[in-house]
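J.: next comes the sequence, and after it the predicted model I'd like to discuss.
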Amino acid sequence: MRDLPALRLRGALLGVVGALPIVLVPHWATVLVCALVWVALLVLDLLLTPSPKTLLVRRRSPGQVRLGEEGTGRLLVTNPGDRGVDVRLRDAWNPTAGLADQRAELTIPARERRAVDQVFRPTRRGRHTSRALVLAVRGRLGLIERRGTRQVPGELLALHAFGSRRHLPSRMRRLREIEGLAAVHQRGQGTEFDSLRDFVDGDDVRSIDWRATARRRSVVVRTWRPERDRHVLIVVDTSRTSAGRVGDAPRLDSALDATLLLTALAAQAGDRVDVLCADRVPHVQVHGGNARTVLHDVVAATAPVEPALVESDWEMVASEIRRRARRGALVVLLTPIEPGAAGQGLLPVASRIAADHPLIVGSAADPALASMARERGSIGAVYRAASAEQETIEREGTARALERCGAHVVDVVPDDLPQAIADQYLALKAAGRL
Amino acid sequence: MTAPTTSAASAPAAPAAPDRPGPRTSTRVLTVALALVVLAAVLAVALRGTFRDGPLEPAAPTPQGSKAVARVLEGEGTDLEVRRYTTDAAQALAEGRTVLVTDPSALDAAQLDRLAEARASGHGHLVLVRPSFFVLAHLAPDIRPAGSLKETTSLGADDSCAAASLHAREIRVGPAEDVAKSATLYRAGDGFDACFRHGDGAAVVTGEGVTVLGSATLLTNAGVGDLDNAAVALNALGGDDGASALTWYVPSPTDPLAEEHPSLLDRLPDFALPLALWACAIILAVLLALSRRLGPVVVEPLPVSVRARELTVGRAHLLHRADARDAAARSLRTRTAVRLASRLGVRREGRLDALIAALAPHTSLAPEQLRTLLGPTPVRSDQELLRLSEDLDALEKEIHR
């Protein structure tokens, strides 16, 4: 920790007093004497002032805060000395951490402790840190202050706002319907034996369990339910294509929103969820072992994920998927369908993945494309419309190619992406395809 | 869509070819060129010769100088000397030489009195260029300024001129560039000859051993050639007999006589300088106190984000610049056809004929018109492309209704 003296305004203006002797005894020697007295006073003040090193600082970090909400932290400054001190302090967080007031002034009596309460309203997802804590102890005469920069690590993790949370109850209801619905009570891939019950009119005669019927007097049918404890692997692409801003947020944000909704839903459905964020290398991986903590784990792990200006390595993604997921596990690939990028690497890899797994490809479409395609009136507008239409044609072509590979493509505007992915998951579950 | 293109595919670094000029060679060329320029400048200055430039300087060939008059006078046999101090000029005046004062307004009362004494003691002749009222009050109280000429004017001599005409018929007076903003006219009492009149005043006044020239254009290199200006200049300075003695007095600010006055600093109180020094020290201290920041500047690690539509807009610009009307028309037509086909239940892969056959009953357009609209008809101008886009819109609206 460095400790440097700094002149205060009062110390500088003290020099004005020296003008009086200079006017009364106009001589260069007077100037010299005044300057020496001035410097001597400043040095005296410096010697009387305790160093900021003597102060003890402890921090209670705000921890994790969801975007749009408030977090609180606290700084505790202790003065172990025998005389009180006046302290100015600045806690230098980065601006988007949303610390309301970085500066505080404290008067700490001898052998006492004072607290600074801090309120954080982060405006950007990710990890925020305090770069430095600066303490300035005021001199006894108030002419100078001694400043010290101290490293008191502080960290705030601003979590994804998870705006699609409000869609969770309706999807949960739909999940319960699927699990309890008679129409689903037929045997198929991805269903498991549930129970035996008495036959009622309308039941499929093929579901009668003859062995059980023979043991009892009434006819008994077997019921089936969607298989639980399936494996869902969500792969989020963090490459350059995810950096594109649609509306106010980058595409990656809507992909993460969809990840969170699907994680919450699948955890409720009893499935195991793994999340992988990757571009050229796998960045973040969450193994959803515990159904109760998986959502929190995913939220915390994906909070600092930012898109990078690199191209995705789809071969690496494919091998990661092969390593993590058994045959038949659901793979959800959240990547923008870019005609150029998809043609380069995604298509062949997607067809290989789709051969082994049910595959959902989720992509955030740009609503500006549709509005641009309707532009008319000037020649520039018509060219823009034509360009947007061309883009749409290519996107649809890529989406069709992916579907031909066996993937389920969800290409909707960012606001609808989480629900659409969740609905696709429920549809696969209802159809017993998991 | 998004266009954050990476520079991953950067060109392989080509090894510098030996025949190409490297950075070291170009630096050497630059150094040599710079040296040549400096040498040329030095040569130009040396060839031009050294002279002292200034208003009415006898050695200056510039428009404001007076080298022309001085050289001609010397050629005529005039003994010309240049003086810069009042003492020297007064001595020359006392010796009976003709003394030209190029800028009398620069002299103060003491210097003027010295000149007046010298003139009274001897029989020298004084030539003044545009003297002010203050100057005339000391040297020739009977002459008074009588207005000025702000524009270049030609003045002629008349019968009343007598000696003051200096053998000239018509002169041109007025502002002289870099020397004076106007010419001055004078009125004189009895015993003086005045010539080249304009209103009340006259541009040249002579008598009692004083010649007043009202305009600097009579002497400058730029103005001396106009009309009979040269005659006035040479006759006023050279005298009638030709072989005369002329002292060219250019007042100098370093004249010892002029430095006897107390300067502005001497009038300040004693404590002013120490106090000013002290104030500087205080200002420095205040700046130091205010400039110190509490802690470091915190840098925000901003994420990259590119508007997704940029690429689409960029492609539109490219199409526009290349006038790719057919490509634009193809995109518009294809999307319209796809939408119409899905609306009417025609298979998307179907041929254009099938679509037209399905459309025909629902629209007012004839099949040929539909074929022109949706088929690959060339688009020749921007107007046609605009019309095509509107027609496609109209067709879709018609079908959707």
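T.: Okay, I see it. Owing to the predicted nature of the structure, the values given are computational and were not obtained by experimental measurement.

J.: mind listing the helices for chain B?
T.: For chain B, the helices defined by DSSP state H cover B:23-48, B:67-75, B:86-94, B:109-121, B:133-139, B:229-238, B:272-291, B:310-321, B:325-344, B:352-359, B:367-374, B:382-400.

J.: buried sites along the fourth one?
T.: Okay, so that is helix B:109-121. When burial is assessed from 16 or more other Cβ atoms under 10 Å in any protein chain shown, helix B:109-121 yields the following buried residues: B:111-112, B:114-116, B:118-119. (Glycine included, C-beta is placed from N, CA and C.)

J.: which among those residues gets closest to A:Thr107?
T.: The shortest approach to A:Thr107 among those belongs to B:Gln111, at 72.7 Å (Cβ to Cβ).

J.: setting aside sequence neighbours, what's the nearest residue to that closest one?
T.: In this structure, B:Gln111 finds its nearest non-sequential neighbour in B:Thr86, 4.3 Å apart by Cβ to Cβ, 6 or more residues apart in numbering or on different chains.

J.: would you confirm that that neighbour contacts B:Ala106?
T.: No: using Cβ atoms under 8 Å as the test, B:Thr86 is too far from B:Ala106 to be in contact (10.4 Å).

J.: so for the two, which sits in the more crowded spot?
T.: Higher neighbour count among B:Thr86 and B:Ala106: B:Thr86, with 25 against 15, using other Cβ atoms under 10 Å in any protein chain shown.

J.: next, format the buried residues of helix B:109-121 as a markdown table and append pLDDT.
T.: Shown next, in a markdown table, are those (pLDDT from 0 to 100):
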| residue | pLDDT |
| --- | --- |
| B:Gln111 | 82 |
| B:Leu112 | 83 |
| B:Arg114 | 81 |
| B:Leu115 | 81 |
| B:Ala116 | 83 |
| B:Ala118 | 82 |
| B:Arg119 | 80 |
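
J.: make a markdown table from these and add distance to A:Ser351 to it.
T.: As requested, those are arranged in a markdown table below (distance: Cβ to Cβ, whole Å):
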| residue | distance to A:Ser351 |
| --- | --- |
| B:Gln111 | 106 |
| B:Leu112 | 109 |
| B:Arg114 | 111 |
| B:Leu115 | 111 |
| B:Ala116 | 114 |
| B:Ala118 | 115 |
| B:Arg119 | 116 |
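
J.: okay, now the nearest residue to B:Arg52 once chain neighbours are set aside: neighbour count?
T.: Among residues not flanking B:Arg52 along the chain, B:Ala59 sits closest, at 5.8 Å (Cβ to Cβ, 6+ apart). Look at B:Ala59: counted by other Cβ under 10 Å, it has 17 neighbours.

J.: and the residue nearest to B:Gln111, what pLDDT?
T.: For B:Thr86, the pLDDT comes out at 82.

J.: circling back: so what sits against both of B:Thr86 and B:Ala106?
T.: B:Pro251 (Cβ atoms under 8 Å, 6 or more residues apart in numbering or on different chains).

J.: so A:Lys53 touches A:Arg147, yeah?
T.: No: A:Lys53 is beyond contact range of A:Arg147, at 11.0 Å (criterion: Cβ under 8 Å).

J.: and these two? Which one has more around it.
T.: A:Arg147 (20 against 14).

J.: which residues of the stretch 101-250 of chain B lie near chain A?
T.: On the criterion Cβ under 8 Å from any Cβ of the partner chain, chain A has no neighbours in the stretch 101-250 of chain B.

J.: low-confidence ranges, the stretch 101-250 of chain B, go.
T.: B:239-243 (pLDDT under 70).

J.: in it, what residue comes closest to chain A?
T.: B:Asp108 (30.8 Å; Cβ to the nearest Cβ).

J.: burial measure for that residue, as a count.
T.: Considering only other Cβ under 10 Å, B:Asp108 is surrounded by 16 other residues.

J.: do A:Pro80 as well
T.: By other Cβ under 10 Å, neighbour count at A:Pro80 equals 13.

J.: same question for A:Gly202.
T.: 6.

J.: regarding it, what is its secondary structure?
T.: coil (DSSP: H, G, I helix; E, B strand; the rest coil).

J.: before we move on, what about A:Gly397?
T.: Going by three-state DSSP: A:Gly397 is helix.

J.: before we move on, what about A:Leu76?
T.: Once three-state DSSP is applied, A:Leu76 turns out strand.

J.: what do you get for the one 10 residues further on?
T.: The three-state label given to A:Asp86 by three-state DSSP is strand.

J.: hey, what's A:Val134 bridged with?
T.: A:Arg90, A:Thr149 (DSSP bridges).

J.: all helices of chain A, in order?
T.: Under DSSP H, chain A gives helices at A:9-13, A:19-24, A:28-48, A:168-180, A:210-215, A:251-268, A:294-302, A:314-324, A:339-341, A:347-356, A:367-373, A:379-405, A:417-430.

J.: including mean neighbour count and distance to A:Asp3, could those helices go into a markdown table?
T.: A markdown table is the format used below for the helices of chain A (neighbours: other Cβ atoms under 10 Å in any protein chain shown; distance: least, Cβ to Cβ, whole Å):
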| stretch | mean neighbour count | distance to A:Asp3 |
| --- | --- | --- |
| helix A:9-13 | 18 | 17 |
| helix A:19-24 | 15 | 33 |
| helix A:28-48 | 15 | 11 |
| helix A:168-180 | 15 | 54 |
| helix A:210-215 | 11 | 85 |
| helix A:251-268 | 26 | 44 |
| helix A:294-302 | 19 | 38 |
| helix A:314-324 | 17 | 50 |
| helix A:339-341 | 17 | 54 |
| helix A:347-356 | 18 | 58 |
| helix A:367-373 | 17 | 55 |
| helix A:379-405 | 20 | 60 |
| helix A:417-430 | 21 | 52 |
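
J.: can I get the ones you listed in CSV including distance to chain B?
T.: Below are the helices of chain A laid out as CSV (distance: least, Cβ to the nearest Cβ, whole Å):
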stretch, distance to chain B
helix A:9-13, 4
helix A:19-24, 5
helix A:28-48, 5
helix A:168-180, 27
helix A:210-215, 47
helix A:251-268, 7
helix A:294-302, 14
helix A:314-324, 15
helix A:339-341, 8
helix A:347-356, 16
helix A:367-373, 4
helix A:379-405, 4
helix A:417-430, 14
